[in-house]
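**Q** Can you look at this prediction? I've put the sequence above it.
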Amino acid sequence: MSDQSNPTSNVIIKTPSQIAGMRVAGKMAADVLVMLSEHIKPGITTDELDRLAYNMIVNEQQAVPACLNYKGFPRSICTSINHQVCHGIPGDKKLKDGDIVNIDVTVIKDGFFGDTSMMFEVGKPTIRGSRICKIAHECLWVGINLVKPGVTLGDIGYAIQRHAERNHCSVVEEYCGHGVGLAFHEEPHVMHYGRQGEGLVLQPGMTFTIEPMINLGKKDIKVLPDGWTVVTKDRTLSAQWEHTLAVTETGVEILTLRPGEARL
Ligand code: MF3
Ligand code: CO
Ligand code: CO
């Protein structure tokens, strides 16, 4: 996700051939998540998951892991565990029973970007872990299901925030979805909170992510001294799901939909 401090520039409307390129990159990012899902078990380290992702992207897909060396990020994927909100750095810590972990994969293929993330529950699920993963997932789909020409980004943010708060959860405000496609982070910023009717009016050919970060406790976050890992200040669990989307004439195409993934 992007922070909100970037200078503004214009939203790039993609051509059908650019969207076709993004479809390929999006499918590759989704395929990496499916591959990793087979390996999420107590005892595996996030470095091992990172290595599996790197090898698949570079050797099989002949593509580029967008995170690696992005603004100095040292790994190919982000792995954010439990109270980590986003941008967790893979390392030698083992996943353990009851952990929840977000894995965020961005692939560049032929210059086009696909960006997607999902939650995994490690071993035996916990009540709180399952709850925050489910609510964050619902928040993503509440947003996706609104996307069509004429809807505003404020409509989407409003609906996501309403769903989170209805369930006594909070929305992280410092990080948001973003335009994506020809670059990792393009205009616009896609806030996961907002007011109905405000903000950019969606048009066919716009491509962006929705990637709400939802906390079981308060919305406040801080960045750890590693300069990357974002955590909840109150150390409550946080969950996030992300898809890359294209606005079509009539609605939305989900460019990072996984084979067999159910729509909510
Ligand atoms: N994939 C993240 C996003 O959804 C960005 C990760 S940037 C990194 O926008 F440097 F932390 F990898
Ligand atoms: Co993103
Ligand atoms: Co991402």
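**A** Now that the structure is in, tell me what you want to look at. Ligands and ions are numbered 1, 2, ... in the order given.
**Q** what's the host helix or strand of Ala239 packed up against?
**A** Of the helices and strands defined by DSSP states H and E, Ala239 is found in strand 238-240. If contacts are counted by 3 or more CB pairs under 8 Å, 6 or more residues apart in numbering; DSSP states H and E, strand 238-240 sits against strand 84-86, strand 100-109, strand 112-121, helix 127-144, strand 213-215. In this view, the C-beta of every residue, glycine as well, is placed from N, C-alpha and C.
**Q** Can you tell me which of those is packed in deepest?
**A** The highest mean neighbour count among those belongs to strand 213-215 (a mean of 29), with neighbours defined as mean count of other CB atoms under 10 Å.
**Q** quick revisit: how far out from the middle of the chain is the strand holding Ala239?
**A** Taking CA atoms, centre = their mean, to the nearest Å, the mean C-alpha location of strand 238-240 is offset from the chain mean by 10 Å.
**Q** check whether it contacts ligand 3.
**A** No: for strand 238-240, no contact with ligand 3 is found by CB under 5 Å from the ion; the gap never falls below 8.5 Å.
**Q** Run the contact check for that strand versus ligand 1.
**A** No: using CB under 6 Å from any ligand atom, strand 238-240 stays clear of ligand 1, with a minimum separation of 8.5 Å.
**Q** what ranges of the stretch 51-200 of the chain fall below the confidence cut-off?
**A** Of all residues in the stretch 51-200 of the chain, none has pLDDT under 70.
**Q** Quick one: name the residues of it near ligand 1.
**A** Cys67, Tyr70, Lys71, Phe73, Cys78, His87, Asp104, Thr106, Asp115.
**Q** check contacts around the last one.
**A** Under the criterion of CB atoms under 8 Å, 6 or more residues apart in numbering, the contact list for Asp115 reads Ala29, Ala66, Asp104, Val105, Thr106, Val180, Phe184, Thr209, Glu211, Glu242, Thr244, Thr256.
**Q** Could you do the fourth one as well?
**A** With contacts defined as CB under 8 Å, 6+ apart, the neighbours of Phe73 are Cys67, His87, Ile89, Trp228.
**Q** ok, 6 Å please
**A** By CB atoms under 6 Å, 6 or more residues apart in numbering, the residues touching Phe73 are Cys67.
**Q** what about Pro259, how many neighbours?
**A** Close neighbours of Pro259, defined as other CB atoms under 10 Å, add up to 8.
**Q** if I look at Gln240, how far off is Met213?
**A** 5 Å (CB to CB, to the nearest Å).
**Q** picking up where we left off before, tell me, which of the residues of the stretch 51-200 of the chain next to ligand 1 make contact with ligand 2?
**A** Those of those which are also neighbours of ligand 2 are Asp115, as judged by CB under 5 Å from the ion.
**Q** Tell me the buried residues in the longest helix along the chain?
**A** Criterion DSSP state H: the longest helix present in the chain is helix 16-37. Residues 18-19, 21-33, 35-36 are the ones in helix 16-37 that count as buried (16 or more other CB atoms under 10 Å).
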